[in-house]
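Colleague: using only what follows, build the 3D model:
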Amino acid sequence: MDIAEFADLLAASKAQPEPQRLLLVFVSAELPEDATEEERQRYAENQGGSLRPVLCVDKLPDELVDFAGLLAESSRTGVAWDLVFAAGLAGRAGMVPSSDEAEQPLKMMVGAIESGSIGNFIAFDREGHAVSFY
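Modeller: Numbers count the residues shown, from 1 in each chain. Predicted structure coming up:
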């Protein structure tokens, strides 16, 4: 399934053979202090910068009606963010993973994003559109 919008992610997670828990890491894009002029230009064009995790949460797909609800919930935290990275954590034998079971994978996801290893995740902008990195 091609995921172009957050709604596609929700549909795909509900269609999996095992129940899913979604892992969500919200990040802000920042310009490093030692950025080159080219990096500054790309950042000014919303094409560059470094990603800093600022908020993370795990949710069952049924807890998320749509992206607008996630956006509203995240806004109540008062934490500014630019992108949200998502991944699914599959259950076993029909059992949904608990929040406790999601804690370590969520920490690993944060660490991967901090180190720039984002290839295993889907990123969405603040409008719920999937973002490609190249």
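Colleague: nearest residue to the middle of this structure?
Modeller: Phe85 (1.5 Å; Cα atoms, centre = their mean).
Colleague: apart from its neighbours in sequence, what residue is nearest that one?
Modeller: In this structure, Phe85 finds its nearest non-sequential neighbour in Phe121, 4.2 Å apart by Cβ to Cβ, 6 or more residues apart in numbering. Where C-beta positions appear, they are placed from N, C-alpha and C, glycine not excepted.
Colleague: same question, Ser74
Modeller: Ser74 sits nearest to Phe26 (Cβ to Cβ, 6+ apart), 6.2 Å away.
Colleague: how about Thr77?
Modeller: Leu55 is the one closest to Thr77 (Cβ to Cβ, 6+ apart), at 6.1 Å.
Colleague: residues contacting the one you found?
Modeller: By Cβ atoms under 8 Å, 6 or more residues apart in numbering, the contact list for Leu55 reads Val25, Phe26, Ser74, Thr77, Val79, Trp81.
Colleague: for it, give its distance to Glu18.
Modeller: 27 Å (Cβ to Cβ, to the nearest Å).
Colleague: for the helix or strand bottoming out on mean pLDDT in the chain, give me every contacting residue.
Modeller: Sorting the helices and strands of the chain by mean pLDDT, DSSP states H and E puts helix 37-44 at the bottom, at a mean of 82. Helix 37-44 has contacts (Cβ under 8 Å, 6+ apart) with Ala29, Leu31, Pro32, Ala35, Gly48, Gly49.
Colleague: give me the subset of the residues you listed lying in strands.
Modeller: In this view, the contacts of helix 37-44 that belong to strands under DSSP state E are Ala29.
Colleague: what does the top helix by length along the chain rub up against?
Modeller: Among the segments of the chain that qualify as a helix by DSSP state H, the longest is helix 99-114. Residues outside helix 99-114 that contact it (Cβ under 8 Å, 6+ apart): 21, 23, 25, 27, 51-53, 56, 58, 85, 87, 89, 118, 120-121.
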